[in-house]
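Engineer: only geometry, no sequence info:
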């Protein structure tokens, strides 16, 4: 059986430096996605979305492990796209009006057909409110700037500012949605050591 570590293979996207902002060209990748809005700390919809995303991601992983592909791999981390209709509320940390797309990257062997098959099987076994909201979609960011933030989410401000300054100083402009990749298990890890990739597409 072939074993793959996609997070390591895509290290330039999932393990940036915490010391300096870097420029990356993000290729098209497939994701399981759920859209929603509201404060992620208090929103039941966000909790339901994350639960459904990982239930499907692990079911897909096991299906590939047992199937013709015969590969084993670690499920990729939770990611999030964030924005607001009124970006001042986003900047002022008014999370009640935030909009989000919660998502988990799916490696190349995963197809839309496999997603459809596994979704049916998971629905038979588990009562997941957000399951019917999950979609399989290709997402391409292209040119972006990113940095690793170490610490609590509430202290991301300076890291985000550093990314924005990098973009402005490079003569480009912010484009698309604020992107975060959550590499730590916040249920177990010390908040001062949480590792979050902060990414912003640019043009």
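Structural biologist: Sure, I can see it. Remember, it's a predicted structure, so these values are computed and weren't measured experimentally. Numbers count the residues shown, from 1 in each chain.

Engineer: so what's residue 28 up against?
Structural biologist: Contact analysis of residue 28 by Cβ atoms under 8 Å, 6 or more residues apart in numbering lists 138, 139, 140. From N, CA and C alone the C-beta is placed, and that goes for glycine too.

Engineer: for these, give me CSV that also has distance to residue 195.
Structural biologist: Compiled in CSV, those are given as follows (distance: Cβ to Cβ, whole Å):
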residue, distance to residue 195
138, 26
139, 22
140, 24
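
Engineer: by neighbour count, which of those residues wins?
Structural biologist: residue 139 (16 neighbours; other Cβ atoms under 10 Å).

Engineer: and that one, what's its pLDDT?
Structural biologist: The model reports residue 139 with a pLDDT of 98.

Engineer: can you check the one 5 residues further on too?
Structural biologist: Per-residue confidence for residue 144 comes out at a pLDDT of 98.

Engineer: once you drop chain neighbours, what's closest to it?
Structural biologist: Once flanking residues are discounted, residue 144 sits nearest to residue 201: 4.5 Å by Cβ to Cβ, 6 or more residues apart in numbering.

Engineer: can you name the next helix or strand after the helix or strand of the chain with the lowest mean pLDDT?
Structural biologist: Within the chain, no helix or strand scores below helix 87-91, which has a mean of 58 by mean pLDDT, DSSP states H and E. Next along the chain after helix 87-91, taking DSSP states H and E as the criterion, comes strand 99-106.

Engineer: now that following strand: buried residues?
Structural biologist: Neighbour counts over strand 99-106 (16 or more other Cβ atoms under 10 Å) mark 100, 101, 102, 103, 104, 105, 106 as buried.

Engineer: so the second one bridges to which residues?
Structural biologist: Beta-bridge partners of residue 101, counted by DSSP bridges, are residue 35, residue 81.

Engineer: how far away is it from residue 126?
Structural biologist: Counting by Cβ to Cβ, to the nearest Å, the gap from residue 101 to residue 126 is 22 Å.

Engineer: repeat that for the first one.
Structural biologist: From residue 100 over to residue 126 the distance is 23 Å, taken as Cβ to Cβ.

Engineer: also residue 133?
Structural biologist: For residue 133 relative to residue 126 (Cβ to Cβ), the value is 14 Å.

Engineer: got it, and residue 8?
Structural biologist: Counting by Cβ to Cβ, the gap from residue 8 to residue 126 is 30 Å.
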